[in-house]
Structures are given as C-alpha cells and as structure tokens.
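1. all I have is the shape, not the residue letters:
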C-alpha cells in the first residue's frame, strides 16, 4: 500500500466529515452567489449555450433561475422554470449527499453502485423525454414560464 493511501485512510478515519464538508461548500457558495445576484436581470448571467445556438431549451434551461427562486422560497416560480430540477434532481442530489455523509460518519464502506442500472437508464430516458417534450408546442408547460421556444 502506498504512503498516500495510508495517509488518506488515516485522515478519513480521523476526520470523517472533512470530504462531505468540502463537497457541501460548492453548492452553498453557488446558492449564496445566486442569493446576491439575480439571474433574471438581463446581461447579469450567461445564456445557455444550447439555447443560444439552437433556439431550443435544454433539460437544464431555467435551472439557475429556479434555484434563485428556491433560495428566495418561491416554490411556484421554481417549478414553472424547471420542474425536473426542482422535483427530481435537487431531491435526488440531497438524498445521495446525505447517504454518503452518513456512511462516512458511521465509518461504513461506501457502495460502488448507487442504484440498479434500471433506475439509471430510467433517469437517462426521462431526461431525454423531458428535453424533447419541453420544446414541443403541446407540452409548452414544461418550458421555462410555459413559453415555447422560437
């Protein structure tokens, strides 16, 4: 075993929440930045590159403004901007983070597989379906603010 591996194992044993705290610092910094800077102000934040090049919404279009709305406790606006981010991606990310942090704290080994491949494929196809549907006129309710692209 290398010296680095031994040192890493000792650090993880001594400070089990150091890595989870470091990972948590990133979304906390981003949400803090969004609390202080309104992405709805024209020219304040960059436009989605996919939207700028094609004129169509990607699965993430509206996510930054949705997180801004959530940070200001406006759930209705957040859902109108990007329902997938608010209803699926954020809760799933929080669940995975809490599970990882708990396993670190309790000293358990972390599983290599997070979910059965069926669920990973279901998420993949769900994102693709959301991407397609939010760009079609009859499903414009999935587009940010319900405005179809174009």
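-> Perfect, I can see it now. All figures in this text were calculated on a predicted structure; none of them were measured in a lab.
2. now do the helix or strand where residue 33 lies: everything it contacts.
-> Taking DSSP states H and E as the criterion, residue 33 maps to helix 18-36. If you take CB atoms under 8 Å, 6 or more residues apart in numbering as the criterion, helix 18-36 is touched by 11, 12, 64, 67, 68, 71, 72, 97, 100, 101, 104. Every C-beta, even on glycine, is put in place using the N, C-alpha and C of the backbone.
3. the fourth one and residue 39, how far apart?
-> Counting by CB to CB, to the nearest Å, the gap from residue 67 to residue 39 is 9 Å.
4. neighbour count for these two, which is higher?
-> For residue 67 against residue 39, the residue with the higher neighbour count under other CB atoms under 10 Å is residue 67, and the figures read 22 against 18.
5. who touches the more buried one in this structure?
-> Remark: with contacts taken as CB under 8 Å, 6+ apart, residue 67 is in contact with 30, 31, 34, 78, 85, 90.
6. only whichever of those are buried, select them in PyMOL.
-> Selecting the buried subset of the contacts of residue 67 in PyMOL, with 16 or more other CB atoms under 10 Å as the burial test, is done by:
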select buried, resi 34+78+85+90
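7. which members of the contacts of residue 67 are the farthest-apart pair?
-> 30 and 78 (15.1 Å; CB to CB).
8. show residues contacting the helix or strand of the chain with the lowest mean pLDDT.
-> For the chain, counting by mean pLDDT, DSSP states H and E, helix 3-14 ranks last in confidence among helices and strands (a mean of 73). With contacts defined as CB under 8 Å, 6+ apart, helix 3-14 is touched by 18, 19, 104, 107.
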